[in-house]
Every structure is written in structure tokens, then in C-alpha cells.
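Colleague: with the sequence up front, the predicted model follows.
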Amino acid sequence: MERDDHEAADRVGHVCALLERTESLPDPAARTTAIELLQSLLELYGEALARVMAAGDDALRKELADDELVSHLLLLHGLHPVDPRTRAEAALGRLRPILGRATAELVDLAENVARVRLRQDRGGCGGATARLRTAVQEAIRDAAPEIERVEIDEAGPAPVLIPVESLRRGTGAA
């Protein structure tokens with residue numbers, strides 16, 4: 001699967017390079033024709049993909065959405081079966097290994113703006129905070145590109161709770 005993802009990424013990069021070359025063609029008529037051709041192909045493939053999604057059951061739609069390359073195509077054509085909130089929350093869940101003892105929680109998603117609460121454990125350093133902020137923003141943008149902005153609220157460490165019973169023991173109160 002990893003090899004397939006690398007091959008897909010290479011193909012996407014190649015397509016982007018070809019698109020850039022097409023957009024810089026010196027002949028305006030050739031440039032316009034090439035871009036019209038690409039737009040028509042994109043619409044054609046989008047319609048075909050929409051039919052595949054409509055014909056499939058929930059299991060097939062989930063399997064297609066879980067494939068990284070297909071997921072990007074579904075997003076491109078507005079066909080992704082998973083809503084942006086769920087995709088953003090899943091992206092934050094996948095970040096747990098790099099967050100360490102920090103936590104990132106999607107607090108709100110409205111009008112294409114995601115608000116995330118980032119809470120670091122005591123003793124975190126500023127450089128780590130900047131890296132975590134960037135990782136959170138990139139993860140959400142990759143999972144849900146329709147989210148236009150990711151706002152991160154940095155919360156202090158979780159408060160330490162001291163049970164009331166432990167306070168009473170030392171004072172002789174019963």
C-alpha cells in the first residue's frame with residue numbers, strides 16, 4: 001500500500017508539472033484549448049466517479065474514501081462521503097503519536113473555520129508548540145481542504161485536581 005501511495009504522489013506531482021507547462025504555453029489558442037480539454041476531462045471523470053459512488057453501498061463508499069488517492073479525487077469533485085468535521089477529528093486522532101503528552105481537540109467547525117484547542121503538558125517548549133501548531137494545521141487541511149482556516153487556541157496544562165479527602169486527612173477533620 002505504501003508503494004502505491006508513493007506512486008500516486010508521483011503521478012499527482014507529474015500532473016501538476018504538466019498543468020504548469022500547459023498554463024505557460026506561448027500560443028494563447030493552444031493554451032485555451034488545452035485547458036478546456038483538461039476541464040472537460042475533469043468533469044467527465046467527476047461524473048463517472050459520482051456514478052460509482054451512487055451505485056456503491058456504504059461499505060464500498062467507506063473503502064473508497066479510506067484510499068488516500070481516491071479520497072483526494074472525491075474531495076476534488078465534492079463527493080467525499082465523510083463530513084469535514086469527522087475527517088478533521090480523525091486527522092487529529094492520527095496525530096496522537098506525534099503530539100506526545102499534548103492534546104488537540106476540535107472545539108468548533110463553522111463557516112469553513114476550524115477551532116482547535118491545543119493543550120501541552122507542563123514543561124513544553126516554544127519550538128515544540130510551533131511544530132505542533134503546524135502539524136495540526138496541516139493535518140486538518142489535508143483531511144478537509146474545504147476548511148479555509150484553522151485557528152488554534154493554546155490552553156495551559158490541565159489543572160491538577162487534589163481530592164478534597166486528601167486535604168482533610170492532614171487537618172484532623174473527620
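Modeller: Nice, I can see it.

Colleague: OK, contacts around Glu36?
Modeller: The neighbourhood of Glu36, defined by CB atoms under 8 Å, 6 or more residues apart in numbering, contains no residues. Placement of C-beta: from N, CA and C, glycine included.

Colleague: state the helix or strand in which it lies.
Modeller: When secondary structure is defined by DSSP states H and E, Glu36 falls within helix 28-55.

Colleague: quick one: buried residues of that helix?
Modeller: Buried residues in helix 28-55, counting neighbours by 16 or more other CB atoms under 10 Å, are found at 34, 46, 49, 53.

Colleague: state the next helix or strand along the chain beyond that helix.
Modeller: Moving toward the C-terminus from helix 28-55, the first helix or strand encountered (DSSP H and E) is helix 58-66.

Colleague: quick one: Ile98 and Ala135 touch, right?
Modeller: Yes. Taking CB atoms under 8 Å as the definition, Ile98 is a contact partner of Ala135 at 6.0 Å.

Colleague: which one of these two has more residues nearby?
Modeller: Set Ile98 next to Ala135 and count neighbours by other CB atoms under 10 Å: Ala135 wins out with 17 against 12.

Colleague: that one and Arg94: what is the separation?
Modeller: With distances taken as CB to CB, to the nearest Å, Ala135 is found 10 Å from Arg94.

Colleague: likewise Gly100?
Modeller: Counting by CB to CB, the gap between Gly100 and Arg94 amounts to 14 Å.

Colleague: just Leu74 next, same as before
Modeller: Here the distance between Leu74 and Arg94 works out to 18 Å (CB to CB).

Colleague: which residue ranges of the protein form helices?
Modeller: Per DSSP state H, the chain has helices spanning 2-23, 28-55, 58-66, 68-76, 84-94, 96-99, 126-143, 164-169. These are given in chain order.

Colleague: list the contacts of stretch 84-101.
Modeller: 80, 82, 104-106, 109, 114, 116, 120-121, 132, 135-136, 139-140, 142-144, 146-147.

Colleague: contacting residues for Ser71?
Modeller: For Ser71, the contact set (CB under 8 Å, 6+ apart) comprises 64-65, 80.

Colleague: neighbour-wise, give me the winner out of those.
Modeller: In terms of neighbours by other CB under 10 Å, those top out with His80 at 23 neighbours.
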